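S.K.: based on what follows, work out the 3D shape:
(chains A and B)
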Amino acid sequence: MKARVHITLKPAVLDPQGKAIAHALSGLGFDGVKDVRQGKYIEIELAPGDPKQAEARVRSMCERLLANPIVETYTIEMSA
Amino acid sequence: MKSAVIVFPGSNRERDAAAALAAFGAPPALVWHRDHELPRSDLILIPGGFSYGDYLRTGAIAAHSPIMASVKHAADRGVLVLGICNGFQILTESGLLPGVLLRNASLKFVCRDVHLKVETSSSPFTRAYNAGQVLTVPIAHGDGNYFADEATLKRLQDEDRIAFRYCSPHEGGSGNPNGSIADIAGILNERRNVLGLMPHPENAVDPMLGSTDGRGLFQSLVEALAA
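M.R.: Below you'll find the predicted structure:
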């Protein structure tokens, strides 16, 4: 079983890396880039088991380590 | 004063911290992060560096090291805990201090002297300073941009828990090197026995290093622990 976790800064938190990327993109001539937000993507291989329980565990991983809930939000996708 | 300095893989200022403590008569025990028990200490210092290569988020992995459970217990008992630079990041990630340290607004690693205003002398870490005093102390970090939500910030202000702010020696200048909210450079916990700060007072204790303005912090600790 696999969990795919996306972690992004909350909308209210300034993302200087995203801003720098947006700048670089317009420098390359890509018009119409309104905003860029950079985040993290984490893949976790899990032992086979109950998908509901597995998702709850991944949620707990996010809360305790993978994301900092003060400034970040996360989404979890589970697949077989 | 009995002190301990915690060493993580990637710590790099532990010797500077140890030398500063030794100069004030408290040569510390160096404690490896995998240890579970701390030697009896009046002060625990978490030094600067790049614990775990700053993987995931600065301080995030170190905050879950075995030794940190003992550091939390000690803090709960009132033992003084001082986190400098990466040590500050580890203290916020472990929940001993509120808020978080984000990437510098400039995206650049900044390594230079800054001006710091002592905001409160009412703590065991700052009692030898006068509130309002301006210090010259070096910084060396890429993630020192302090952030906390409005309610937290208001509490820090109302409870006189902002220990140091970046300032400019010139009228109207900003002096904020990293985009920190409210120019915050260092904060205290509610009980005032835990301090985290981004600048390096341990590197400003000898005239050879260009400034001795960091001495007040170590002098404060000596006085507080003798009192």
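
S.K.: tell me where chain B has strands.
M.R.: B:3-7, B:29-32, B:43-46, B:80-84, B:100-102, B:110-118, B:134-141, B:145-147, B:162-167, B:184-188, B:194-197 (DSSP state E).

S.K.: so which of the ones you listed comes closest to chain A?
M.R.: Closest to chain A of the strands of chain B is strand B:100-102 (Cβ to the nearest Cβ; 4.8 Å). Using the backbone N, CA and C atoms, a C-beta is placed for each residue, glycine as well.

S.K.: quick one: the strands of chain B as TSV, columns for mean pLDDT, distance to A:Y74 and mean neighbour count too.
M.R.: Formatted as TSV, those follow (pLDDT from 0 to 100; distance: least, Cβ to Cβ, whole Å; neighbours: other Cβ atoms under 10 Å in any protein chain shown):
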stretch	mean pLDDT	distance to A:Y74	mean neighbour count
strand B:3-7	98	29	25
strand B:29-32	97	32	16
strand B:43-46	98	27	28
strand B:80-84	98	26	27
strand B:100-102	97	15	27
strand B:110-118	97	29	18
strand B:134-141	97	26	20
strand B:145-147	97	18	24
strand B:162-167	98	30	23
strand B:184-188	98	26	27
strand B:194-197	98	25	27
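
S.K.: can you redo those strands as TSV with distance to B:D16?
M.R.: Listed next are these as TSV, based on distance: least, Cβ to Cβ, whole Å:
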stretch	distance to B:D16
strand B:3-7	10
strand B:29-32	12
strand B:43-46	10
strand B:80-84	9
strand B:100-102	20
strand B:110-118	14
strand B:134-141	11
strand B:145-147	22
strand B:162-167	18
strand B:184-188	17
strand B:194-197	14
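
S.K.: so can I have JSON lines of the ones you listed showing distance to chain A?
M.R.: Converted to JSON lines, the strands of chain B look like this (distance: least, Cβ to the nearest Cβ, whole Å):
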{"stretch": "strand B:3-7", "distance to chain A": "19"}
{"stretch": "strand B:29-32", "distance to chain A": "21"}
{"stretch": "strand B:43-46", "distance to chain A": "18"}
{"stretch": "strand B:80-84", "distance to chain A": "16"}
{"stretch": "strand B:100-102", "distance to chain A": "5"}
{"stretch": "strand B:110-118", "distance to chain A": "13"}
{"stretch": "strand B:134-141", "distance to chain A": "14"}
{"stretch": "strand B:145-147", "distance to chain A": "6"}
{"stretch": "strand B:162-167", "distance to chain A": "17"}
{"stretch": "strand B:184-188", "distance to chain A": "14"}
{"stretch": "strand B:194-197", "distance to chain A": "14"}
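
S.K.: kind regards, and thank you for your time.
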